[in-house]
Every structure is written in structure tokens, then in C-alpha cells.
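>>> 3D model of this:
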Amino acid sequence: ATAIGTAFPDHADADPVVQRCGNVKHGDYQCNAAMRLFGAMKKAGMPPGINSPQDIAKAILAAIPADNPAVESLEINGPGFLLCRVKGAYLQTHMNSLLSDGVPRPPPPQADYKQCVVDFSSPNIAKEMHVGHLRSTIIGESVCRILEFTGHEVERVNHVGDW
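Residues are numbered from 1 along each chain as shown. Okay, the predicted model is just below:
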């Protein structure tokens, strides 16, 4: 988004339209903003030197610093797709950080933390055990962990079967 704003200040708020590449041989991520920007520029008036989505992609690519710590390579493909490969060292550094320090806590929500009660079932001890009994237990525990991760105090309440 920063590169789009640098290359085209009138379109600094344009959605960069970044997604994972469908085929890994093309790269890790692709930016499809050039085609959308070309359509918007056709309506609003084309800047000088821009005649195709590829020209837009070239301008965006030129606005990305060559020493970007995350980018291994950038290239333009087809009608204006920007293809990006992420540096292995960048991923390694961040994965090592996650493994050693854990997942960073999200910023506190605007609302106060709440005490939450999550009621989910335990396996019915009056029936034969099967994998279906685990579904609600796993879902309930997952909800509890998400709430705890975001800072809420969680009380787990399990009801037992038909009793």
C-alpha cells in the first residue's frame, strides 16, 4: 500500500489486493492492484507515461526499496501482476521468534475484559464412547482458549450427558 501511495499519490488509499500465489513457482504472494488501478485511472484521467496495467505495476515495483528486509524478489507477470518471493531468512527470524517468545498478545480491546462462562458438554458417560463425543468438547475448549488469549477470564462449565 505504501508503494502504491508513493507511485500514485492520488490513489494512496487504493486496496493493494495482495493474496497468496495460486502456483508456488510464480512466487509466495501476488499483488493484483495494477489492473484495478488502471480502471480507476482511466475514469479519473491517466497520468503521463501510463498506458497499461503493466506500466502501473512497473511504477509500484520502482517504489519498493531494493533493500526491503522481507523481499527476496519482485517481478511483473502477465497483464500487471506483481509477484513477490519472501526471503527465507526473514521467515526464519520471525518463526524462531515465535517459537522462543510465543505468539505476541494482541493489543487490549477497547472494551473491558469480561468474565466469560462457556458451557460445553463432556462425553456422555451413560453411553458408549465414540469420536462424536469429542466434537463439542473440542469446539468448547477452542472457544475458551481464544477468549483467554484475548485477555478474558474464562470459566469452563461442563455438563455431563443426560444426567
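>>> give me the mean pLDDT for the longest helix along the chain.
Secondary structure assigned by DSSP state H gives helix 132-149 as the longest helix of the chain. On average, the pLDDT along helix 132-149 is 85.
>>> just the C-alphas of that helix, formatted as PDB.
Provided in PDB are the C-alpha atoms of helix 132-149 (Å, rounded to 0.1, in the frame of the first residue of the first chain):
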ATOM      1  CA  GLY A 132     -18.700 -37.800  18.000                       C
ATOM      2  CA  HIS A 133     -18.400 -37.100  21.700                       C
ATOM      3  CA  LEU A 134     -15.200 -35.100  21.200                       C
ATOM      4  CA  ARG A 135     -16.700 -32.600  18.800                       C
ATOM      5  CA  SER A 136     -18.400 -30.300  21.200                       C
ATOM      6  CA  THR A 137     -15.600 -30.700  23.800                       C
ATOM      7  CA  ILE A 138     -13.000 -29.600  21.200                       C
ATOM      8  CA  ILE A 139     -15.100 -26.700  20.000                       C
ATOM      9  CA  GLY A 140     -15.800 -25.500  23.600                       C
ATOM     10  CA  GLU A 141     -12.200 -25.800  24.600                       C
ATOM     11  CA  SER A 142     -11.200 -23.800  21.400                       C
ATOM     12  CA  VAL A 143     -13.600 -21.000  22.200                       C
ATOM     13  CA  CYS A 144     -12.200 -20.900  25.800                       C
ATOM     14  CA  ARG A 145      -8.600 -20.700  24.600                       C
ATOM     15  CA  ILE A 146      -9.500 -17.900  22.100                       C
ATOM     16  CA  LEU A 147     -11.200 -15.900  24.900                       C
ATOM     17  CA  GLU A 148      -8.300 -16.400  27.300                       C
ATOM     18  CA  PHE A 149      -5.800 -15.400  24.600                       C
END
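>>> okay, and Ala34 sits in which element?
helix 33-44 (DSSP states H and E).
>>> what is the orientation angle of the following helix or strand past that helix with helix 33-44?
Where DSSP H and E defines the elements, the next helix or strand beyond helix 33-44 is helix 53-62. Angle between the axes of helix 53-62 and helix 33-44 is 120 degrees (criterion: axes from the mean of the first three to the mean of the last three Cα atoms, to 10 degrees).
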